[in-house]
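Participant: turn this into a model:
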Amino acid sequence: MRLPRAAGLTSCLDTIMPIDPCLRLAACAALLSAPVAAQAIVPLDAKSTFVHVASESPPGAVPLALTPLGLQAGDCVRLRLVGDFDQGPSADTVGDMWGVFSADATLLAGSQLHRVPGAIDAGAELVTPATFFGGQPTDVPEDFGIVSAAEGYEEVTVEVPAGAQFLFVAPADSYYSDNSDPDGDFGVEITHVGCWKDLGLGLAGVNGVPQLAGTGTLLAGDALTLALSDARPLASAVLILGLSAANLPFKGGTLVPAPQVLIAGLPTDGAGALVLPGTWPPGLPSGFTLWLQMWIADAAGPHGFSASNGLSASTP
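Facilitator: The predicted structure is shown next:
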């Protein structure tokens, strides 16, 4: 597969060859002041909650307004544990928490199941446990997990859903009245980060549709990773990057990026995987978006190639 490299980028690309290959196009973008991440650390009351409670009356979780945090619908936000709390008959070592976005700041009484009437679905599915006393259900479909020791994560990145104006964050528990925070350090770090978006439009090969995923905040100097999976094992892959989307018919599939840079000869391993680590470069303007896709030599594809989903990466 051969696609033309944009002539205007040739000299720049040749100059910055030492930079991680997957970031060469980004490093050639207009070098404006790097965006500064909007970040806040918000203390949390270890006794507060926004879920239904039984046989207790803990304080309600405080709604956090998104606009003062520099957040709006479509932005991606990283929520990270700060400190810990005491869950009652344990120690000051617990940090589990969950959250829910809302269209308004209304929080109903603890006797209600749907205490956040303006709740808007976001993040991965979360099932909250029944109340400690009475075994009453607490789960609502819109909330999401932020920290879970059992699941092994201490942060989450989630896209602010359309219509959201507030965020409720609370410790994860089934009984709140015996919680405490002896050293007063329990809270949540809220950071506006970049967004990775799966655009679909992959083309199946021998292992189905190859999957391309990106991780990292897309903040200047932060580490990132591109990971390809489900591709043909021991094959040659091409990473295609562009400053806009094309979505053109190509080789029986769809070429997602407007092709401006090709990085060829990337080898998949015996499992059909490929990992490209890198660092997001400084100097990119807020809202800068890079489109990416992998094409893989694969006889099972309609014209000898399979293709990953398209992927976009946008700075905050």
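Participant: contacts only, for the spatially closest residue to T131 that is not a sequence neighbour.
Facilitator: The shortest distance from T131 to any non-neighbouring residue, by Cβ to Cβ, 6 or more residues apart in numbering, is to A54 (4.0 Å). (C-beta placed from N, C-alpha, C; glycine too.) Residues in contact with A54, defined by Cβ atoms under 8 Å, 6 or more residues apart in numbering, are T131, F132, F133, G134, Q136.
Participant: any idea how far G145 is from A54?
Facilitator: To G145, A54 is 22 Å away according to Cβ to Cβ, to the nearest Å.
Participant: returning to that earlier point: next, format the contacts of A54 as JSON lines and append pLDDT.
Facilitator: What follows is the contacts of A54, written out as JSON lines (pLDDT from 0 to 100):
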{"residue": "T131", "pLDDT": "98"}
{"residue": "F132", "pLDDT": "97"}
{"residue": "F133", "pLDDT": "96"}
{"residue": "G134", "pLDDT": "97"}
{"residue": "Q136", "pLDDT": "98"}
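Participant: and A271, how many neighbours?
Facilitator: Other residues within reach of A271, judged by other Cβ atoms under 10 Å, total 12.
Participant: what of P210?
Facilitator: There are 30 residues near P210, going by other Cβ under 10 Å.
Participant: got it, and Q39?
Facilitator: 15.
Participant: name the nearest residue to it, ignoring sequence neighbours.
Facilitator: T191 (4.5 Å).
Participant: and what of G265?
Facilitator: Excluding the flanking residues, the one nearest G265 by Cβ to Cβ, 6+ apart is S236, at 5.9 Å.
Participant: same question for S57.
Facilitator: Closest to S57 by Cβ to Cβ, 6+ apart is G110, at 6.2 Å.
Participant: regarding the one you found, what is its secondary structure?
Facilitator: For G110, the assignment made with DSSP: H, G, I helix; E, B strand; the rest coil gives coil.
Participant: tell me the confidence at the residue of the chain positioned farthest from its centre?
Facilitator: Distance from the centre of the chain peaks at S55, with 36.9 Å (Cα atoms, centre = their mean). At S55, the model reports a pLDDT of 97.
Participant: so what's the residue count around D230?
Facilitator: Considering only other Cβ under 10 Å, D230 is surrounded by 21 other residues.
Participant: got it, and E159?
Facilitator: Around E159 there are 17 residues (other Cβ under 10 Å).
Participant: equivalent analysis for G265, please.
Facilitator: 8.
Participant: what about it, distance to S48?
Facilitator: On the measure of Cβ to Cβ, G265 and S48 end up 55 Å apart.
Participant: hang on, the earlier thing: buried subset of the contacts of A54?
Facilitator: Among the contacts of A54, the ones that count as buried by 16 or more other Cβ atoms under 10 Å are T131, F132.
Participant: want to throw the contacts of A54 into CSV with distance to D173?
Facilitator: Listed next are the contacts of A54 as CSV, based on distance: Cβ to Cβ, whole Å:
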residue, distance to D173
T131, 10
F132, 8
F133, 12
G134, 15
Q136, 14
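Participant: TSV please, covering the contacts of A54 and showing secondary structure and distance to P210.
Facilitator: Shown next, in TSV, are the contacts of A54 (DSSP: H, G, I helix; E, B strand; the rest coil; distance: Cβ to Cβ, whole Å):
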residue	secondary structure	distance to P210
T131	coil	45
F132	coil	46
F133	coil	50
G134	coil	49
Q136	coil	45
